[in-house]
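> Structure for this input, please:
(chains A and B)
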Number of protein chains: 2
Amino acid sequence: MTIEPNNEAMAATGEAKQSTNILRARRLGIDTQFEAIVFMRNDCPVCLSEGFSAQTRIRVSYKDQSVIATLFQTAPDLLEHGEIGLSEAAWHRLGVQAGENVSVCHPRPLESLSKLRSKIYGRPLEADAVSSIFQDIVAGRYSDIHLASFITACSARPLDHSEMVAFTGAMIDAGDRLQWERYPVVDKHCVGGLPGNRTSPIIVAIVTACGLTMPKTSSRAITSPAGTADTMETLAPVDLDLAAMRRVVEKEGGCIAWGGAVRLSPADDTLIRVERALDLDSEGQLVASVLSKKIAAGSTHVILDLPVGPTAKVRSQSAAHALSRDLIAVALAFDVEARTVISDGRQPIGRGIGPALEARDVLSVLQGAAEAPRDLRDKSIALAGHLLELGGTIDLGSGVELAEQTLNDGSAWKKFQGICGAQGGMRTPPKALHCHPVFAKETGKVTAIDNRRLAKVAKLAGAPGAKAAGLEIHARIGAAVDVGEPLYTIHAEAPGELDYSLEYVQENNDIFELTEL
Amino acid sequence: MTIEPNNEAMAATGEAKQSTNILRARRLGIDTQFEAIVFMRNDCPVCLSEGFSAQTRIRVSYKDQSVIATLFQTAPDLLEHGEIGLSEAAWHRLGVQAGENVSVCHPRPLESLSKLRSKIYGRPLEADAVSSIFQDIVAGRYSDIHLASFITACSARPLDHSEMVAFTGAMIDAGDRLQWERYPVVDKHCVGGLPGNRTSPIIVAIVTACGLTMPKTSSRAITSPAGTADTMETLAPVDLDLAAMRRVVEKEGGCIAWGGAVRLSPADDTLIRVERALDLDSEGQLVASVLSKKIAAGSTHVILDLPVGPTAKVRSQSAAHALSRDLIAVALAFDVEARTVISDGRQPIGRGIGPALEARDVLSVLQGAAEAPRDLRDKSIALAGHLLELGGTIDLGSGVELAEQTLNDGSAWKKFQGICGAQGGMRTPPKALHCHPVFAKETGKVTAIDNRRLAKVAKLAGAPGAKAAGLEIHARIGAAVDVGEPLYTIHAEAPGELDYSLEYVQENNDIFELTEL
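Model (predicted):
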């Protein structure tokens, strides 16, 4: 994991000697997620001559590809003489075939680390320094140690406006950037933390039905019970490449696709993984993360939903206002018009949590069903109304009315069916076989709901991997419930997962806070 | 590598379910240095039921031992059903035998990470917070991501005096602490970065010959061409356990042993590894690192040598003075009297660089040989003189005179032989078979020597692994040299290593800076 600070010249000699440091590549089938790991025998002559030991960072090259990897050393029985074992991440990044030769050497020193050190000691980063750091990150040259240091530095020394702009720009430049032959191109993003908040499919349907362009790329869940892509996948194919996305958008004015096929702001995924391990949220990083993805996707006008609540990502009104100001200002620096909406983040939105259960909520709102969750419908209308005004097709103040009308007259539902068809055909979300209600232990009024622990119940029940898994909420904040009345119902595809979530519920019977009436 | 921030309850249920998460331990013979890594099949039912995926941090338990490890997942052919593969670090820390059962579960959340986050956001750490952080570090509960964040936070938010005291205390408490039935117990430490600076064996001989107690524990080289333990090992056994150390000290008043057999401030080794990868030196960490080792070793009076030079660890006089103040003040908080000596760090001390070559310098000084390097002799006398005064056996100002006399009358040399004998018998340092001089490319005066790159030449020649390897310096700063005159001679045990260092020298022919006379 270490990079020797004094490696400058060993790198130079290493590269000169590269031709002698040849080893046969062997795929070991070891999944290390993003981390490139290579394995060499502890008696390998290359290790001895180059001074490689366990945890040395080394550069492995194959044809014109190279990857910086962490070295682990093995007992002689795991590898043949002259072999180097590669983890899946290293194998795929190099694109090597079994038995082909790769060369190894010391990596060049990372110039950008000196910029990182400057930041740690309090000097703001110039744009070119930010750019060089992100180039190294995207190329996989930063180890987890470097990434953690970078993220910590940006929390300990908060980013100023110029730095946020530079971060956003560098993160855009590090990936693909979509261009649309249309204007405006609108988008919507929620600054996370709220289960069930599945407004995007509804908003896309409404605003594209009104003639706006909204090519929505969405993510799969990382820590939550469902991402928009997971939910949408129970309704239609979402795994579209860029050409397919273009066809759908050309035909319908919008799409709801998984963003994984296009490399939008790939540095973000790397940083998020380490941020999560540290449970650190730097506001500047958050701004750059959100905006870089939207701008790279070609958006010109964006609505940003900031749910505020004690168990949401943004905890206070003042934090939301500060974040809002930065988001709008940084977006402006990229000629993107952003509007923020500070919303109620005290409890989940809609009834379902989990891919299929959320999809059912989406369908019921679009179909105007009597049982459609009111809060999801209202929030979707409000955000769609903002987008319609921001997109400039109608007068300020009349967006909500138009959005509601588009929903009521069935044109949003028709448009949604059109989009699903263009994406490959509409599907019916699956239903879970195993359901179990969780009852109120006492009579009282619901005064708080813990979003995080409720999301965990849904995840333990199998969401998002098991599409039908998750839960359905029956009581909301303000509701009076009797003892023995169901608060929510857990849905699972397998009995083991149901048991597992129930076990957790038993130890966490205060996810719904009840106070005496 | 990630620790899910919301793992509280999964940990709880995980531990409850522990009995079902049983796997057979298999030693894979994979050396990952300090890092505990475990391997499980990607189709392992335990992974599926616990939600473990690659890079998840998991807790592995065997009898009353447990270790937090990072999980890698393997293709089915690498492990049998029901097996878990362990890296060497994980294997040794658990103390498990092949085929025995271990249990796995989610680790408890690390409470101390919230203290770390507070520090990042600018709140100084209280003593109990520091203590909980170091307990987690020493128990191996921090991943590299957490360690890097901690080190970065302590650089971005420099430690104040109270924090330095708390760090030092926590680092002492995290390891063993030696007690001596004598007073005073003196010691000496150099704040690194200077090759060849091997004064310790000479100082121990002088001050113990004068009746002081100096149980010197020293380290092996990590990045340098030789540590005191490496050098001393060419003269006598150094691998003494605590009982052996006590016997030697009882008999001779002092020893020069490798500190690895006693666990003095073990957190320091963990932090140093990550600090090196980041090339970050926080002054507060440095103070705690140096003093915790000395205090844990039972020292009551300490001389600290701070070499200053452009390629030494301390780069300026002002930095040395600031460091000096902190060292003295923090030592005082532990009732330890420290004296600092700011010395010339512009070039190596002595003639040899590398274990055996430095040992020869030590011997020639102790034996009063005519060719003994003057600078090593003078510096050893000066530091020994300070220690004699600090130890309180003589009047202030007369230490240097006594030290010189002890060296001149042969009593230091006699004492040194006694110590070597007590440690297991005196040895003769080996000589290298392959020597090659490096010549001045032009006529001029030596105006600077790059310590770091010179150390690299010695390391490429094989030091410290090859005991006889390294180099011998012939010209010092201020010397006039003619073109073709040797500047230094490389010593190597193998022709390959000689070539390797010469290759580096060819690309770095400005390690000695020559200016026209």
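> if we look at stretch A:388-407, which residues are touching it?
The contact list for stretch A:388-407 (CB atoms under 8 Å, 6 or more residues apart in numbering or on different chains) reads A:184, A:186, A:202, A:206-207, A:209-212, A:301-303, A:337, A:339, A:365-366, A:368, A:377, A:380-382, A:384-387, A:412-413. (Glycine included, C-beta is placed from N, CA and C.)
> Endpoint to endpoint, it covers what distance?
Stretch A:388-407 stretches 13 Å from its first residue to its last (CA to CA, to the nearest Å).
> pLDDT of it, averaged?
Averaging pLDDT along stretch A:388-407 gives 91.
> Now it: buried residues?
Judged by neighbour count using 16 or more other CB atoms under 10 Å in any protein chain shown, the buried positions of stretch A:388-407 are A:388-391, A:393, A:399-400, A:402-404, A:406-407.
> Name the nearest residue to A:T234, sequence neighbours excluded.
Nearest residue to A:T234, sequence neighbours excluded (CB to CB, 6 or more residues apart in numbering or on different chains): A:P429, at 3.9 Å.
> Hmm, that neighbour is touching A:D361, no?
No: contact criterion CB atoms under 8 Å: A:P429 and A:D361 do not qualify, at 10.1 Å.
> who's more crowded, these two?
A:D361 (27 against 20; other CB atoms under 10 Å in any protein chain shown).
> tell me the SS of the more buried one?
When classified by DSSP: H, G, I helix; E, B strand; the rest coil, A:D361 comes out as helix.
> Quick check on A:D344: phi, psi?
When read as degrees, to the nearest 10, the backbone of A:D344 gives phi -80, psi 110.
> Also A:G444?
The phi/psi pair for A:G444 (degrees, to the nearest 10) is phi 170, psi -170.
> Next one: it from chain B, what distance?
Computed as CB to the nearest CB, to the nearest Å, the A:G444 to chain B distance reads 23 Å.
> Tell me the bridge partners for that residue.
A:V481 (DSSP bridges).
> Is it correct that A:S61 falls within a strand?
Yes: A:S61 forms part of a strand when assessed by three-state DSSP.
> and the nearest residue to it once chain neighbours are set aside, helix, strand or coil?
Counting by CB to CB, 6+ apart, A:S61 lies nearest to A:S103, which is 5.0 Å off, once chain neighbours are set aside. Secondary structure, three-state DSSP: A:S103 is strand.
> A:S103 and A:N21 touch, don't they?
Yes: counting by CB under 8 Å, A:S103 does reach A:N21; the two are 5.3 Å apart.
> okay, these two: which has more neighbours?
Using other CB under 10 Å as the criterion, A:S103 and A:N21 rank with A:N21 on top: 23 against 20.
> which residues does the more buried one contact?
A:14, A:46, A:49-50, A:103-105.
> In JSON lines: these, plus distance to A:D279 and pLDDT.
Listed next are these as JSON lines, based on distance: CB to CB, whole Å; pLDDT from 0 to 100:
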{"residue": "A:G14", "distance to A:D279": "38", "pLDDT": "40"}
{"residue": "A:V46", "distance to A:D279": "40", "pLDDT": "84"}
{"residue": "A:S49", "distance to A:D279": "43", "pLDDT": "71"}
{"residue": "A:E50", "distance to A:D279": "38", "pLDDT": "75"}
{"residue": "A:S103", "distance to A:D279": "40", "pLDDT": "94"}
{"residue": "A:V104", "distance to A:D279": "36", "pLDDT": "93"}
{"residue": "A:C105", "distance to A:D279": "37", "pLDDT": "89"}
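> So which of the residues you listed is the closest to A:V481?
Proximity of these to A:V481 (CB to CB) peaks at A:V104, which lies at 64.4 Å.
> what about A:G211, neighbour count?
Neighbours around A:G211, by other CB under 10 Å: 10.
> List the residues that contact it.
A:253, A:393.
> Provide the secondary structure category for it.
Classified using three-state DSSP, A:G211 is coil.
> Please tell me how far it sits from A:R182.
Going from A:G211 to A:R182 by CB to CB, to the nearest Å gives 11 Å.
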